[in-house]
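Q: Sharing a model that was predicted from the sequence below.
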Amino acid sequence: MTHTHLIEQASALLKPHTTGAGRLIGDVAAVVVSEGGTVYGGVCVDTASWGLCAERSALAAMVSAGEYRFRSVVAVWRHPETEALHVLPPCGVCRDFMRQLDDANLSALVILGRNSGKTLAELLPEHAWPAPLSDG
């Protein structure tokens, strides 16, 4: 699947909704392609008690299906006034969540645009547990 195709799949999930408490839900959407090739989607859920990013929502769907490794992930947001579509990089919490699901995910592609992307390892430097300090 091309970057453009995955971006379009994610954008189809965008259904922004403002709750009675004024919280915005569903304004960011993500898709993740599992190692097995299945596409899972999710949206952000921003509540007063806690929030769930779209990437973690999509990854939770993947984990619920019994998969833990993924090939690629992309998240999108549409500007409410201009309707311009933006590809968003994952936040630090999402990056670490992806890594913690399985170390093999460090080689997964994080799509950053129609023709650009980086591996999770490139976006998450210094992710390895450090060596102990020497006594000298």
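A: Structure received. From a predicted model like this one, the values you see are computed outputs, not experimental measurements. Numbering: from 1, shown residues only.
Q: Nearest the geometric middle of this protein, what residue?
A: Glu55 (2.8 Å; C-alpha atoms, centre = their mean).
Q: and it, what element?
A: Here Glu55 sits within helix 54-64, counting by DSSP states H and E.
Q: Return the set of buried residues in stretch 19-36.
A: Residues of stretch 19-36 classed as buried: 25-34 (neighbour count, 16 or more other C-beta atoms under 10 Å). Backbone N, C-alpha and C define where each C-beta goes, glycine included.
Q: Would you mind identifying the helix or strand in the protein with the lowest mean pLDDT?
A: Lowest mean confidence among the helices and strands of the chain (mean pLDDT, DSSP states H and E): strand 51-52, at a mean of 90.
Q: which secondary structure elements does that strand contact?
A: strand 39-46 (3 or more C-beta pairs under 8 Å, 6 or more residues apart in numbering; DSSP states H and E).
Q: Just the buried positions in the strand it packs on, please.
A: Neighbour-count burial for strand 39-46 flags 39-45 (criterion: 16+ other C-beta under 10 Å).
Q: Pull the contacting residues for the nearest residue to Val43 once chain neighbours are set aside.
A: Distances taken as C-beta to C-beta, 6 or more residues apart in numbering place Gly26 nearest to Val43, at 4.4 Å, with adjacent residues excluded. Residues near Gly26 by C-beta atoms under 8 Å, 6 or more residues apart in numbering: 13-17, 43-45.
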